[in-house]
Each structure stands twice: as C-alpha cells, then as structure tokens.
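Undergrad: could you look at this predicted model? Sequence included:
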Amino acid sequence: MSTAMRAILQRVSKARVLVDGRVTGEIGAGLVVLLGVGQGDTSAAAKYLAEKTANLRIFADDAGKMNRSLVDISGAALVVSQFTLYGDARGQRRPSFIKAAPPDEANRLYEEYCAALRALGVRVETGVFQTMMAVELTNDGPVTILLDSEKLF
C-alpha cells in the first residue's frame, strides 16, 4: 500500500514546541511543518517535500508579494511529526490511522526530511517523536499550505 507523505506548512512569526513543559524547539520567522508519514513513503518523498518546503515562495518581498522562500529569508523550520494527518474519518466518528507508517519507519523518514532541510541551509528545530507535544505558534498572514509528495493537492 503506497500513500503520499503529507505536510502542512504554516508561515509563522514565531513558534515553539513543548514536551512536559520543556521547550524542545523554538523558532522566529519561518515555517511550522506538521509532517505525516504514510505507509510506503520513501526517502525520495522526504527529499522532495524538503526541497519544496525550503523553496516554496510564500514569504513577502519588498513589494508585499509572496515571492520569497524560506531559504531566501534565512528562515527556520519547526518540524513536528504528526501521524494524525493520516486520520480517515470518512466511515465513522473515530478516525482510522491504518494508512500511517509504523513508528520506526515514520521516525526514519521524519529524520530524513529534517536532514534534507538542513542540507538545503535551513535551520531546523523539532519536537520529540512519538510524544504528546504542545505547539505554540503565531501564524503570519495567516498563510497555511498543504503539500504531499504525490502532488495530489
């Protein structure tokens, strides 16, 4: 069974993630990335989404138009794993998560995505994989973009 790696990008002026009241990642201007890894996702999907994340032109230029990328503004990314992006609530009231990748595979690809972003020159902060996290952010715009590795949306 193959799926598409999914990401929700939120343009922020600041953000942080806490685990048990302790800050594990914090950024100023940049992106909060909620990353969902599905069954069958690949290293190529992680690399593709990282490149798209780093170079997507959703930051304002001097004329106020969205013409700058995360790389262009030297922004940071706060990447949070989120298997619930694979929640399927079409058939019932309780979502099914059977299309999410198993934890070991999801963590490996999550780490590959973060490494690929870093390789593109992006400062990356993270949450803690497979824990309850509190994510605080100030959405700038607001601007929220959905991405997936198969270009379904």
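TA: Right, received. Where do you want to start? Numbers count the residues shown, from 1 in each chain.

Undergrad: this structure: strands as residue ranges?
TA: Secondary structure of the chain (DSSP state E): strands at 6-19, 22-27, 30-36, 59-60, 66-68, 76-81, 123-126, 134-148.

Undergrad: can you redo those strands as TSV with distance to Leu49?
TA: Any C-beta I mention is one placed from the backbone N, CA and C, and that applies to glycine too. Shown next, in TSV, are the strands of the chain (distance: least, Cβ to Cβ, whole Å):
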stretch	distance to Leu49
strand 6-19	6
strand 22-27	18
strand 30-36	8
strand 59-60	18
strand 66-68	19
strand 76-81	11
strand 123-126	13
strand 134-148	6
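
Undergrad: what confidence value was assigned to the residue nearest the centre of the chain?
TA: Of all residues in the chain, the one closest to the mean position by Cα atoms, centre = their mean is Val33, 2.4 Å from it. Looking at Val33, its pLDDT is 98.

Undergrad: verify the contact between it and Gln82 for me.
TA: No. The criterion here is Cβ atoms under 8 Å, and Val33 misses it with Gln82 at 9.3 Å.

Undergrad: which residues are in contact with each of these two?
TA: Ile8 (Cβ atoms under 8 Å, 6 or more residues apart in numbering).

Undergrad: which one is Phe83 nearest to, not counting chain neighbours?
TA: Nearest non-adjacent residue to Phe83, counting by Cβ to Cβ, 6 or more residues apart in numbering: Ala100, 4.2 Å away.
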